[in-house]
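Participant: Whatever this is, show me its structure:
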Amino acid sequence: MTTILLLIVAYLLGSIPSGLWIGKFFFHKNLQDYGSGNIGTTNTFRILGKKAGSVVFILDLLKGTLATLLPLMFGIETVSPALFGLFAVLGHTFSIFNHFKGGKAVATAAGFLLGYSPWFVVLLGIIFIIAFYLTSMVSFASVLGAACAGILVLILPSLHLILTSYDWVFTVIMFFLACFIIFRHRENITRIRNKSENVFNFGLNLTHQKHNI
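Facilitator: Okay, the predicted model is just below:
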């Protein structure tokens, strides 16, 4: 019973729509009516600015981390922490506080990884930053990071690097989340192929997408 209750708590933590609430309460704007209509970090940066975007990123990250640490806090050893992280990511994407709509899961998934394997999220963060600098696109960096996560979770344990052994629950969840994040970015992928994706005014924009920020 305790495990079930904590999984519900993990989902509710993930469901907190940080960008939506900050936009409404502090800027009197509904992010769903602006830009991409997404309530995650990227659209918050675009519509509300760097400070608000940074706050939303941190909050979305931390709710994934906190959810993943719930079993450690309450002494639950029979269920993988990865399952709690998954529930937070699903909450973020299908928020009960926002008609079961939400963000694209990247920041909260990173928070889940931060709680489960900090060095793994550091490695993926390096990949993300390099990809972002080369392309100026958060979407491309997110898709590449997700794809690398899905591959590395299979490779690193065999090499005893960072992930020193296989946790098959974690492996399956990570592979699912990698595919899920890529699927959530399918419209971005189409725009990238058409060279019409929005980019930040940062980095090299090697694929020559149109500028937006």
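
Participant: Quick check: closest non-adjacent residue to the spatially most central residue of the chain.
Facilitator: Nearest residue to the geometric centre of the chain (CA atoms, centre = their mean): residue 106, 1.5 Å. Take residue 106 and drop its neighbours on the chain: the residue closest to it by CB to CB, 6 or more residues apart in numbering is residue 142, 4.7 Å away. Where you see a C-beta, it was placed from the backbone N, CA and C, and this is true even at glycine.

Participant: In contact with that neighbour, which residues are there?
Facilitator: Going by CB atoms under 8 Å, 6 or more residues apart in numbering, residue 142 touches 104, 106, 128, 181, 185.

Participant: can you confirm the third one is in a strand?
Facilitator: No: secondary structure assignment places residue 128 outside any strand; it is helix (DSSP: H, G, I helix; E, B strand; the rest coil).

Participant: Use 7 as the first number from now on
Facilitator: Okay, residue one is now 7; in that scheme the one you just asked about reads as residue 134.

Participant: burial measure for residue 167, as a count.
Facilitator: 13 (other CB atoms under 10 Å).

Participant: State whether it is indeed within a strand.
Facilitator: No: checked against three-state DSSP, residue 167 lies outside a strand; its state is coil.

Participant: got a list of what it touches?
Facilitator: Per CB under 8 Å, 6+ apart, neighbours of residue 167: none.

Participant: where's it relative to residue 126, distance?
Facilitator: 10 Å (CB to CB, to the nearest Å).

Participant: Residue 50 now?
Facilitator: 26 Å.

Participant: between the two, which one's more packed in?
Facilitator: The residue with more neighbours, out of residue 50 and residue 126, is residue 50; 30 against 20, by other CB under 10 Å.

Participant: From the rest of the structure, what touches the host helix or strand of that one?
Facilitator: Assigned by DSSP states H and E, residue 50 belongs to helix 47-54. For helix 47-54, contacts defined as CB under 8 Å, 6+ apart pick out 25, 28-29, 33, 35, 37, 40-43, 58-59, 62-63, 66, 109, 112-113, 144-145, 204, 206, 218-219.
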